[in-house]
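1. 3D model of this:
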Amino acid sequence: MKRIAVVALACSLALPVYAKDLVTVNGQGISQEKFDQFVSLLVTQGAKDSPQLRDQVKQEMINRLVAVQAAKKAGLDKDPAVKQETELASQSILVRALMAKYLKDNPVTEADLQKEYDSIKAEQADHKEYKLRHILVKEEAQAKALIKSIKAKKVTFEAAAKKDSIDTGSGKNGGELGWGPTSNYVPEFAQAVESMKKGDISSEPVKTQFGWHIIQVEDVRPVAFPSFEEAKPQLEEMMRQQALSSYQKGLMKEAKIEDDSAAAK
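-> Next up, the predicted model:
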C-alpha cells in the first residue's frame, strides 16, 4: 500500500500544472488566477478581503463576462467607435501605470519634504496678515468728509460703516473684514494697506473698481505658518505632481515627433 501511495504521489508531481477555472460561462472559463488578481487589486485599493468580497467579485466577473460575450456576439468589438474607445482606455491605463511606476521608483523622501518646507517657510517669513475694517462709498467727496469726521472723533469708524458703507456685508458689522493677507484684496486696496501701520486710518480715500474706501488697520501679525506635520500631506502631493510634470516634459523632449498635419494642409 505504501509503495502504491508513493508511486501515485510521484505521478501527481510529474503531471503538468494547468490553470484551474473557478467558473465557466458559456464554455469560457474564469480562472482562479484572474479571480485572485481582481481581489488583490481591490484590497490594494482599501477593500477588506472577506468571503463576502470574494462572492461579490465572483458575481461581478460573471456579470462582466456574460455582458462581454453578448457584446462580441453583437459585433460591437469590431465597431470603430468602440475600438477607438477601447484603445483610449488602454492608453489611459498604461499612462497611469507608468506614472505610478515612476513615483514608486523615485519617491518623495522625508528629506525632500523637509527641504521644500524650509524653503517655503523662509519665503513666507516676512509676509504679514492684517485685521481690517473699511467703509465703501460711491463718491470721493463723501469719503473725504467721513475721514475728517472720524479723525475729529465726531463719529466712530464702526458707526460710520454701519450708516454709510455700501458694502452691506461688512457694513452691518462696523466695516469689519477680519484677518487676512493683502492678497485677498484688489491691488489698489492691498497697496494702501501695506503702506499703513497698526492703528492707522486712511488719510486719503482709496479708489478701486468698487468705489472709494476708507481703511482702518486694527492689527498686524506675521502670517501663521503650519507645522511640518500639518503641511506634509499637501506638500507631498504638490511635489509628486511636480515630479510627474518634470518626468513628462523629459519624455516629450526625448521623443522624436514628426508632425505631418501641417504638410497635409
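2. Where do the domain boundaries of the protein fall?
-> The record's domain parsing of the chain by automatic domain parsing lists 17-99, 128-222.
3. Show the residue spans covered by the helices in the stretch 101-250 of the chain.
-> Applying DSSP state H, counting those that start in this stretch to the stretch 101-250 of the chain gives helices spanning 110-123, 140-151, 157-164, 168-171, 187-194, 228-254.
4. could I get the ones you listed as CSV with mean pLDDT and mean neighbour count?
-> From N, CA and C alone the C-beta is placed, and that goes for glycine too. Formatted as CSV, these follow (pLDDT from 0 to 100; neighbours: other CB atoms under 10 Å):
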stretch, mean pLDDT, mean neighbour count
helix 110-123, 94, 13
helix 140-151, 97, 16
helix 157-164, 97, 18
helix 168-171, 94, 14
helix 187-194, 96, 16
helix 228-254, 96, 12
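5. picking up where we left off before, can you say which of the domains of the chain is packed in most?
-> domain 128-222 (a mean of 16; mean count of other CB atoms under 10 Å).
6. quick one: that one to chain centroid distance?
-> 35 Å (CA atoms, centre = their mean, to the nearest Å).
7. Show the end-to-end separation of it, please.
-> In domain 128-222, first residue to last residue: 4 Å (CA to CA, to the nearest Å).
8. From Pro226, how far out is the residue positioned nearest the centre of the chain?
-> Nearest to the mean C-alpha position of the chain, by CA atoms, centre = their mean, lies Glu237 at 7.9 Å. According to CB to CB, to the nearest Å, Glu237 and Pro226 sit 14 Å apart.
9. And for Glu188?
-> 30 Å.
10. And the helices of the stretch 101-250 of the chain: which comes nearest Asp77?
-> Proximity to Asp77 (CB to CB) singles out helix 228-254 among the helices of the stretch 101-250 of the chain, at 31.1 Å.
11. elements contacting that closest one?
-> Secondary-structure packing of helix 228-254 (3 or more CB pairs under 8 Å, 6 or more residues apart in numbering; DSSP states H and E): helix 80-105, helix 110-123.
12. Save the ones you listed as TSV, and put in distance to Val25 too.
-> Putting these into TSV (distance: least, CB to CB, whole Å) gives the following:
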stretch	distance to Val25
helix 80-105	21
helix 110-123	49
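13. right, and those helices - which one's nearest Ser40?
-> Comparing these by CB to CB, helix 80-105 comes nearest, at 15.3 Å.
14. what packs against the closest one?
-> Packing partners of helix 80-105 (3+ CB pairs under 8 Å, 6+ apart): helix 228-254.
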